[in-house]
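Novice: Next comes the sequence, and after it the predicted model I'd like to discuss.
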Amino acid sequence: MNNNLRSKTMLRPRTGINIFEAEYLIDDISSMRNKNKYALQKSIIKFVCYFNLFECYLAEKEVDHWYHFDYKYYVEKEYLNDYFNYFYNRYVECNKVNRDFDDLCKFVKIKYKNGLRHNLLNKRNLLYALLSISYYFRNNMYHGYKALFELDKYVECFEKITEILLTIMKNAKEKRKWITHNSDDFD
């Protein structure tokens, strides 16, 4: 990628759209020059699709359900441990949250940010923590600062979140009443 374009993109005020610049960045992501092209495209497409399915069928499109999902549904801890450990290692250093955590939660209300911090540091409420992280990634992707040339840094995160959502859709059991679906429907 052209370093001059990168520095201008990062410093440019958010007052208008430079179509040429946007097309250049999108072409760079989808062109053969980008060695992570297929991994990035596949991870973003799957992320968007599974997130839409999840919001439509389980999250009931209400943000409050994201923060109370662990009270409504139950997913056995064995399904969540590996994902939790991945994000724990990403966001916690020396028993403190790191800069990546602050970047993820930049625009998150303080009570939710503190709740996630508490659950990460104490390794509690795995489902709550993972869904919060997933939701903040979703918000940053759709509403936050867009740095298209940096998306390839998040391929593994997008893939993990997709796996988390798929795992939850396959294994979540509503504590009150669960509409039964064939688990193969989500493969």
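Specialist: Received it, and whenever you're ready, just let me know what you need.

Novice: How about stretch 154-169, which residues are buried there?
Specialist: Using 16 or more other Cβ atoms under 10 Å as the test for burial, stretch 154-169 gives 154-155, 157-162, 164-169. For every residue, glycine as well, the C-beta is placed using N, CA and C.

Novice: pLDDT averaged over that stretch, what's the number?
Specialist: What stretch 154-169 shows for mean pLDDT is 90.

Novice: Same check on stretch 78-88?
Specialist: On average, stretch 78-88 scores 93.

Novice: do stretch 40-59 as well
Specialist: The model assigns stretch 40-59 a mean pLDDT of 81.

Novice: Helices of this protein, start to end?
Specialist: Using DSSP state H, the helices of the chain run over residues 3-11, 19-30, 37-57, 63-67, 69-72, 77-91, 99-104, 110-122, 126-142, 155-171.

Novice: okay, the buried residues of stretch 154-169 in TSV with distance to residue 140 next?
Specialist: Compiled in TSV, those are given as follows (distance: Cβ to Cβ, whole Å):
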residue	distance to residue 140
154	9
155	15
157	10
158	11
159	16
160	15
161	12
162	16
164	16
165	16
166	21
167	22
168	20
169	22
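
Novice: Return the per-residue confidence for the residue lying closest to residue 90 once chain neighbours are set aside.
Specialist: Spatial nearest neighbour of residue 90, chain neighbours left out: residue 100 (6.1 Å); criterion: Cβ to Cβ, 6 or more residues apart in numbering. In this model, residue 100 is scored at 93, pLDDT.

Novice: please begin residue numbering at 25 from this point
Specialist: Got it, first residue is 25 now, which makes that one residue 124.

Novice: Of the buried residues of stretch 178-193, just say which sits nearest to residue 97.
Specialist: Ranked by distance to residue 97 (Cβ to Cβ), those are led by residue 192 at 7.5 Å.
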